[in-house]
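1. pasted the sequence and its predicted model underneath.
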Amino acid sequence: QVQLVESGGGLVQAGGSLRLSCAASARAVSSYAMGWFRQAPGKEQEFVAAIDWNGGVTWHADSVKGRFTISRDNAKNTVYLQMNSLKPEDTAVYYCVADPRTALTTPEYNYWGQGTQVTVSS
């Protein structure tokens, strides 16, 4: 069983930056695809970014492209989401995900974290 623990969320003004981290409990995730989804109040889950097992390939949603960057450090079993130029519409709970299959832009990941709140004030 893989546990994912997110950190780094908080309150930030529009235009600011945050870096989310997701620490995995199992060494096995170094061979897993990982990613981030988000869900705002009253809205469906939205794909944010994904990364393949060795960080060689990444995907970013059009809504965050050029502002957010996903990366990973397999030595630390950790994936990151650097968020710059934040906008009020980025406000959501951000979830870390992992799966032993190929990276997906849809929410069919086996493992999910509890989520971390990101609030961007205008």
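-> Perfect, I can see it now.
2. residue 99 touches residue 111, doesn't it?
-> Yes: Residue 99 lies in contact with residue 111 (C-beta atoms under 8 Å); the separation is 6.7 Å. Bear in mind the C-beta positions are built from the backbone N, C-alpha and C, glycine included.
3. ok, the nearest residue to residue 49 once chain neighbours are set aside to residue 57 distance?
-> Closest residue to residue 49 apart from its sequence neighbours, by C-beta to C-beta, 6 or more residues apart in numbering: residue 70 at 3.9 Å. With the distance defined as C-beta to C-beta, to the nearest Å, residue 70 ends up 10 Å from residue 57.
4. need the residues touching each of those two.
-> residue 51 (C-beta atoms under 8 Å, 6 or more residues apart in numbering).
5. more neighbours: the two, which one.
-> residue 70 (22 against 12; other C-beta atoms under 10 Å).
6. so the spatially most central residue of the chain, which of the three states?
-> Most central in the chain under C-alpha atoms, centre = their mean is residue 36, positioned 2.6 Å from the mean C-alpha point. Look at residue 36: counting by DSSP: H, G, I helix; E, B strand; the rest coil, its state is strand.
7. burial count for residue 48?
-> Residue 48 has 25 neighbours, counted by other C-beta under 10 Å.
8. may I have the beta-bridge partners of the closest residue in space to residue 110 that isn't next to it in sequence?
-> Leaving aside its sequence neighbours, residue 110 sits nearest to residue 99 (C-beta to C-beta, 6+ apart; 4.9 Å). For residue 99, the beta-bridge partners are residue 33 (DSSP bridges).
9. re the thing from before, packing partners of the helix or strand hosting the residue nearest to residue 49?
-> Per DSSP states H and E, residue 70 falls inside strand 68-73. Contacts defined by 3 or more C-beta pairs under 8 Å, 6 or more residues apart in numbering; DSSP states H and E place strand 68-73 against strand 33-39, strand 46-51, strand 58-60, strand 78-83.
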